[in-house]
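Novice: When you get a sec, could you give me coordinates for this:
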Amino acid sequence: MKKQDLFFLAGVIIFFLPFFLSDALYDFYKQFNHEHPFLISFIKFAILSTLGEVIGLRIRAGKYSQPGFGILPRAIVWGFLGVGIKMAFIIFGAGAPYILTVFGIEFPTSNPSEILNQNFFKTFSWLQVLTAFTISVTMNTFFAPVFMTIHKITDSHIIETGGSLKGFFTPINFGRILQTINWKVQWDFVFKKTIPLFWYPAHTITFLLPSEFRILFAAFLGIVLGVFLSIASLKSRS
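Specialist: Numbering: from 1, shown residues only. Purely as a prediction, here's the structure:
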């Protein structure tokens, strides 16, 4: 581990440590999370998922920043993607559990998703696991590929415009960028491997957590996504 890695790690710890040490700050987070769910989703993903991309750049290029990388544009993109993920959590979290009722699985209440409001670590049940898994599979099957493709397009746009804010707010040439994507890597690695092998189980765990921690945990998973994107980028070059 080099000196720059130690400084980076120390900075991350210093940034997040107060939330674990201060009850007042933690209570503020919970209240703000409850009152402004979409805004807090924007902030969480803008910070954590961009952090993941920075770590990915370190893996790929040996440094945490470089000209044209565009940390601020990436943070803006991740913020809006975070809002989209929050919407997906609401839509699939409420709707997907009803699929199980079609197969004759009975729930204790008329709203199947309510079973996930119970504390899984105190009231463990396989029905909770099955419900969380169903949400994860449907969300990652139908939403994730579109989400990942949009991110790939915006990422290419940021690189093409030199990572500047001014360039970022120029029109995106979706058609041309779609033609330049390495679909073999996008399909063989990003879709076919990371979705079933990582995102299905990871988001199953996400939906077993208390509701106020789900988006936070999903944002932390954005750090892992940054690593995956770096691997995909290296594969695209090979």
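Novice: where do the helices sit along the chain?
Specialist: Ranges of helices within the chain are 3-21, 23-35, 37-61, 71-95, 98-102, 126-142, 144-160, 165-168, 174-180, 183-185, 200-208, 211-237, based on DSSP state H.
Novice: And the second one, how far out from the chain middle?
Specialist: Put plainly, it is helix 23-35. Here helix 23-35 shows a centroid-to-chain-centroid distance of 21 Å under the convention C-alpha atoms, centre = their mean, to the nearest Å.
Novice: One more: the fourth one?
Specialist: Once both centres are worked out by C-alpha atoms, centre = their mean, helix 71-95 turns out to sit 8 Å from its chain's centre.
Novice: Okay, buried residues for it please.
Specialist: Across helix 71-95, burial judged by 16 or more other C-beta atoms under 10 Å covers 71, 73-79, 81-86, 88-89, 92-93. Any C-beta I mention is one placed from the backbone N, CA and C, and that applies to glycine too.
Novice: which residues does F45 contact?
Specialist: Going by C-beta atoms under 8 Å, 6 or more residues apart in numbering, F45 touches 78-79, 81-83, 85, 219, 222.
Novice: Turn these into CSV, including pLDDT.
Specialist: Rendered in CSV, the data for the contacts of F45 read as follows (pLDDT from 0 to 100):
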residue, pLDDT
W78, 93
G79, 95
L81, 94
G82, 92
V83, 95
I85, 93
A219, 83
G222, 75
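Novice: which one of these sits closest to P171?
Specialist: L81 (19.1 Å; C-beta to C-beta).
Novice: so that closest one touches S49, yeah?
Specialist: Yes - with contacts counted by C-beta atoms under 8 Å, L81 reaches S49, the gap being 7.4 Å.
Novice: Pull up the overlap in contacts between the two.
Specialist: The contact sets of L81 and S49 do not overlap (C-beta under 8 Å, 6+ apart).
Novice: Quick one: distance of stretch 112-125 to the chain centre.
Specialist: 23 Å.
Novice: circling back: any idea which of the helices of the chain gets closest to K193?
Specialist: helix 211-237 (9.1 Å).
Novice: got the contact list for the residue nearest to S49 when sequence neighbours are not counted?
Specialist: The shortest distance from S49 to any residue other than its chain neighbours is 3.0 Å, reached at G222 (C-beta to C-beta, 6 or more residues apart in numbering). The contact partners of G222, taken as C-beta under 8 Å, 6+ apart, are 45, 48-49, 51-52, 78.
Novice: Quick check: of those residues, which lies closest to D27?
Specialist: L48 (20.7 Å).
Novice: quick one: contacts for the nearest residue to that closest one once chain neighbours are set aside?
Specialist: Closest residue in space to L48, ignoring its immediate chain neighbours: A219 at 4.1 Å, by C-beta to C-beta, 6+ apart. Going by C-beta under 8 Å, 6+ apart, A219 touches 41, 44-45, 47-49, 82.
Novice: where does this protein dip in pLDDT?
Specialist: Flagging of the chain using pLDDT under 70 yields the residue ranges 1, 226, 229-238.
Novice: Residue nearest the middle of it, spatially speaking?
Specialist: G222 (4.1 Å; C-alpha atoms, centre = their mean).
Novice: measure W126 to T109 for me?
Specialist: Distance from W126 to T109, counting by C-beta to C-beta, to the nearest Å: 17 Å.
Novice: Check R60 too.
Specialist: R60 is 48 Å from T109, by C-beta to C-beta.
Novice: which one of these two has more residues nearby?
Specialist: R60 (18 against 9; other C-beta atoms under 10 Å).
Novice: Could you tell me how far D23 is located from K30?
Specialist: Distance from D23 to K30, counting by C-beta to C-beta: 10 Å.
Novice: okay, these two: which has more neighbours?
Specialist: Between D23 and K30, K30 has the larger neighbour count (other C-beta under 10 Å), namely 11 against 8.
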